[in-house]
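Undergrad: no sequence on hand, only this structure:
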Ligand SMILES: Cc1cc2nc3c(=O)[nH]c(=O)nc-3n(C[C@H](O)[C@H](O)[C@H](O)COP(=O)(O)OP(=O)(O)OC[C@H]3O[C@@H](n4cnc5c(N)ncnc54)[C@H](O)[C@@H]3O)c2cc1C
Ligand code: FES
Ligand code: FES
């Protein structure tokens, strides 16, 4: 650890410190992008495609251009620029081809939003509607229409991704560990099932918004609700071939992001409209409806898992095939595929593992990063599957998980060795199991069942995630000493609600031994003024930025010691410091205050030395590697945060209605930095996960048109939808390279809770669910399909192993999967 | 709003009638706006002019008379109904139905009359007022006419109201005061959601009625059933008036199932 | 149309566009940007203000409809530079993350406490049913309201195993 201050001397780290950005948020004074006004600002609006796939036969904007108050009209024909994060595949406005419902076709900038809307209404377009490609599982169908016939000509990050030109595969991630076929042969059982997730919307309460200004001389200023200002700058520079130093990206307060604001979205369009309007600032604020299809969502996933397992409960081989429904553009989906590919097994050791993860282009709104980065989706399948396998074996599902859990000495799927300080998933499971009285119903619960007539079920699931990031991910913290001895930081991780900046301030305060009130970390970021940070994603912020903050604080102190050494004629080794000053340890009266040295120390006669003081901390992930493209072996993980959820549900066997009685969650986060923030992330993510589990998800018709792009039909959890009881538990196995031993938890709370719900419902009633979301109606249907016996009934001892030759059939929510089981015991 | 329209707020019924007549069908009445402004926000409709009826004293208020029943003025909002003593005492079903609508913010603005005039199949006041055998009073410069609510809805988003008419008040018959009742609403979440299927039932010594929402093109009601109708017959009667469809909210089969299930759940509460 | 209204105790007179909703009027014409827009369609509650004593979605009200009304927005909650008891409780209980729902949330809970100084947990949940929060999962907001009404016995915490 970069700081070894004994715990007893910590004033802030590990405590419940109030957020540093809370007052402005509570008073309405925090300024979000939509709250900013710019002289001469125009309003941009986007015309969206009503079709999933079409050719633009004709587009006529002449009437729109003539409308008074309109300053710029753009179509794809005007913009020959492609943007892309890992695979450069997207035009700013569709050119010739429409690839998804809601795709931007034309854009207008006008003096008022109403005029912009009128102008859009005047644009005439003729489409030739074509057959869309909608089912990612048809990816190997040679006759399938191609979403990107030119895939072979796109540039992409070659060290990491593998697109397959001539198909709809934007990326194929492979992982090969051990010998799966041999493993299956040796297994007592081979059990296979398929699990599905739809597209899901992030739903930050603040919709995407950007204000772009493109001045003469190609100087560009962008105010945007982006999570990663430097990524916006970088991709903008690459697409338009403009020097980075000409582009300034400013992120004011952000109203949530959850990954949906991680990439580059509305910014290029705002800027192009601005350029055409002679440099007037152009603002585009997405409507809530546009959030659902113009802007990206979470990729869907069809996940097939084939598990070879021994009678004693040890998994010996597992083949995992993921079909990621990326939608029309690769964006982050290719990296979601990669990151989930290497941890597709969940927090379990798989000796012989085989993963094929495909990012499949389809004619749907495109997927991007979303809290959990693929882990929410695959954990739904994996955690359901773990129960399915355990039930088949007749082993308690928690016991089964413990048998297979990663522990010191085990190897992850990429071959990385787990050590004691990696953390303990078993401890997490045990903590939540205890919290929910796993494995039995208490007297109170039995009484409740009797009273309500509903059935209560419990489950425990486990989860893990490492940051998904390039091996060279780095960040910088700069601390500037102010005249009064306070410091102002400069940093580019964005804090869009997580509370990271408060945690960083706590760490800085403890390293400096100053009161936290003297540390200011401005929430707004500015690529012209603040130093580089890769992106605010992946739950890497606390670890990397935390280390940078510690190093910056130490550097600042070091600079202060330099001044004091000179001023006091002392060696640095004889100096010490407190909140006000640096002093000679054995002569405390001999000191220099921070105030005295802040802008340069001056002797009584006026001579001055040293100049203003800043501290700089740079940190980059240590020892990570790219993964071998053929085997997936390597070291991709900065850290692993393990966790578990325990869930209690009650279900009405007649109607399928259910209530979540309790969720207990535990995470091994190394070291709690801020209690309230950890709890906030834990609960917030868990509820967002339950949203995914219970009610969210895109619904399309067979033409690929989105049918529920609004809160009316895409419900998210409200205050009435939270569990009756919530328990949050932190386990602290220190991360050796983590700041004060801490590791991230921002995404983890959302992972696996869906599987916990599915498992608890099955435990309560025997209803088998393999598709998310689980609506009351889906439970009802699954109840109708129940076999006579409950699926959770204790399985008898297996007679003889039976091997699966054919994969099980695709499973819809209504039908339980076919399970290959010992002869004579297979159920319909 | 991205649309252009004019706004007027007449202060008397007479002025309202005159405006409606003059507008020749181009004006749209604005009550709570919780439906209208959403439709305009989504660009589904673009009225030329809005006529706000909230300033008209004649359209305000809830009154109860043991002989003539309950009168709900057109600008009565959900929260007024929920808090009204007479409603709580004599027609608690209506308070429950109004409580089922939206969120607190919605209930502070949404009118009962607006809920009927929108004529959405899922309107929560629709099935409950139908179960209570309510009728509506429509007024215009040509005079006032009263029609039973069961004849009011003519299709999804369609009613008997003519372009120059306004719904003045809703009348719930006196004989339904004190009726035994029950209501169930199937939602996709526990928080505010429109009905995916809903059932409201009322029973007096003489009659039993079942109003159903989100299971037909409009809110529907059974014929007047005998107060002693058996559960099986009640279920059958409800099934007869519905024709649910599959949509993004639910499947027809589940809607049918839940309507029957709800009738079964409410039935014992009526005795 | 000329309208007069009182916002946070201050009288305003403006020529309001008939097509502007109260939300945009407050934000653009009065410069009160604390009230947020999350959907413009009455679903999310980010735009909640208190009008004549009742919470409303300001996105579903025309500015001209508010002629003569008495309105409170988030900007009226802190008095003389001091946070209200409710705001302090939100602060203490980590009831704020991104802060975008916060102004509406404060308005809804302020209205609740005015009518019901000691609400139950269920009543608190019902009062904020129309205010989406995507960040917090609501629990810490509920605790903050309990705290503000003097009902939180012990501050809820993170357990450490
Ligand atoms: C977020 C949200 C949630 C909702 N939840 C529910 C719910 O749970 N249950 C439910 O039933 N509804 C719900 N609604 C729909 C809506 O709130 C109700 O239908 C409401 O009662 C409509 O009343 P209003 O006064 O707002 O009508 P307005 O929007 O003012 O008017 C609706 C229509 O009726 C016409 N109209 C209104 N009054 C009259 C009159 N006196 N004479 C003639 N025509 C008139 C108008 O011209 C307009 O066409 C919801 C709406 C939203 C936005
Ligand atoms: S903005 Fe008004 S309710 Fe969402
Ligand atoms: S704090 Fe972000 S939406 Fe509530």
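TA: Right, received. Where do you want to start? Because the structure is a prediction, the values reported are computed rather than measured. Ligands and ions are numbered 1, 2, ... in the order given.
Undergrad: use CA for all of it now, contacts and neighbours both
TA: Fine.
Undergrad: near chain B, which residues of chain A?
TA: Chain A comes close to chain B at residues A:113-115, A:117, A:655, A:695, A:699, A:707-708, A:712-713, A:715, A:717-721, A:775-777, as judged by Cα under 8 Å from any Cα of the partner chain.
Undergrad: not counting its neighbours along the chain, what's nearest residue B:70?
TA: residue B:64 (4.5 Å; Cα to Cα, 6 or more residues apart in numbering or on different chains).
Undergrad: list the helices and strands whichever strand or helix holds the one you found packs on?
TA: If you go by DSSP states H and E, residue B:64 is part of strand B:62-65. If contacts are counted by 3 or more Cα pairs under 8 Å, 6 or more residues apart in numbering or on different chains; DSSP states H and E, strand B:62-65 sits against strand B:69-73.
Undergrad: let me know whether the strand it packs on sits next to ligand 1.
TA: No - shown here: strand B:69-73 not in contact with ligand 1 (Cα under 6 Å from any ligand atom), separated by at least 8.4 Å.
Undergrad: how many other residues sit next to residue A:439?
TA: Using other Cα atoms under 10 Å in any protein chain shown, residue A:439 has 15 neighbouring residues.
Undergrad: excluding its backbone neighbours, what's nearest the spatially most central residue of chain C?
TA: Centroid-nearest residue in chain C: residue C:107, 2.2 Å away (criterion: Cα atoms, centre = their mean). Sequence neighbours aside, residue C:49 is the residue nearest to residue C:107 in space, at 5.9 Å (criterion: Cα to Cα, 6+ apart).
Undergrad: ditto for residue A:488
TA: residue A:520 (4.8 Å).
Undergrad: quick one: the longest strand along chain A to chain centroid distance?
TA: Determined from DSSP state E, the single longest strand within chain A is strand A:315-327. Here the centre of strand A:315-327 is set off from its chain's centre by 19 Å, with Cα atoms, centre = their mean, to the nearest Å.
Undergrad: same for it, what does it pack against?
TA: If contacts are counted by 3+ Cα pairs under 8 Å, 6+ apart, strand A:315-327 sits against helix A:180-186, strand A:300-309, helix A:333-342, strand A:352-361.
Undergrad: pLDDT on the helix ranked longest in chain A, on average?
TA: Ranked by residue count and defined by DSSP state H, the top helix of chain A is helix A:541-568. Averaged over helix A:541-568, pLDDT sits at 98.
Undergrad: now do stretch A:371-387
TA: So the average pLDDT for stretch A:371-387 ends up being 98.
Undergrad: can you check stretch A:108-120 too?
TA: 97.
Undergrad: and what of stretch B:2-16?
TA: Over the span of stretch B:2-16, the pLDDT mean works out to 95.
Undergrad: ok, stretch B:238-249 next?
TA: Per-residue pLDDT values across stretch B:238-249 average out to 97.
Undergrad: what's the burial count for residue 132?
TA: No chain in the question, so chain A it is. Residue A:132: 24 neighbours (other Cα under 10 Å).
Undergrad: not quite, go with chain C.
TA: Neighbours of residue C:132 using other Cα under 10 Å come to 27.
Undergrad: ok, and the closest non-adjacent residue to it?
TA: Using Cα to Cα, 6+ apart, the closest residue to residue C:132 is residue C:44 (5.1 Å).
Undergrad: part of a helix, is that neighbour?
TA: No - Residue C:44: not assigned to a helix; according to DSSP: H, G, I helix; E, B strand; the rest coil it is coil.
Undergrad: show me the contacts for it.
TA: Residues near residue C:44 by Cα atoms under 8 Å, 6 or more residues apart in numbering or on different chains: C:38, C:130-132.
Undergrad: return the closest of those residues with respect to ligand 2.
TA: Closest approach to ligand 2 among the contacts of residue C:44 (Cα to the nearest ligand atom): residue C:38, at 4.2 Å.
Undergrad: most neighbours among the contacts of residue C:44, please name it.
TA: residue C:131 (31 neighbours).
Undergrad: contact partners for the closest residue to that residue other than its chain neighbours?
TA: Closest residue to residue C:131 apart from its sequence neighbours, by Cα to Cα, 6+ apart: residue C:45 at 4.3 Å. Neighbour list for residue C:45: B:105, C:38, C:57, C:101, C:104-105, C:130-132 [criterion: Cα under 8 Å, 6+ apart].
Undergrad: now, which of these sits nearest residue B:89?
TA: Distances from residue B:89 to the contacts of residue C:45, taken as Cα to Cα, are shortest for residue B:105 (24.6 Å).
Undergrad: for chain C, what lies in contact range of ligand 2?
TA: C:37-47, C:57-59.
Undergrad: what pLDDT, on average, does the longest helix anywhere in chain C get?
TA: When chain C is parsed with DSSP H, its longest helix is helix C:102-115. For helix C:102-115, the mean pLDDT works out to 98.
Undergrad: check stretch A:239-259 too.
TA: If you average the pLDDT over stretch A:239-259, you get 98.
Undergrad: and residue B:51, how many neighbours does it have?
TA: Residues near residue B:51, counting by other Cα under 10 Å, number 18.
Undergrad: parallel or antiparallel, list what pairs with the helix or strand where it lies.
TA: Applying DSSP H and E as the criterion places residue B:51 in strand B:49-52. Under the criterion DSSP bridges, strand B:49-52 sits next to strand B:6-8 (parallel), strand B:27-30 (parallel) in its sheet.
Undergrad: domain map for chain B?
TA: Under the assignment automatic domain parsing, the domains of chain B span B:6-52, B:58-175, B:180-270.
Undergrad: er, chain C I mean
TA: Taken from automatic domain parsing, chain C resolves into C:2-74, C:85-148.
Undergrad: most tightly packed of the ones you listed?
TA: Among the domains of chain C, domain C:85-148 has the highest mean neighbour count (mean count of other Cα atoms under 10 Å in any protein chain shown), at a mean of 24.
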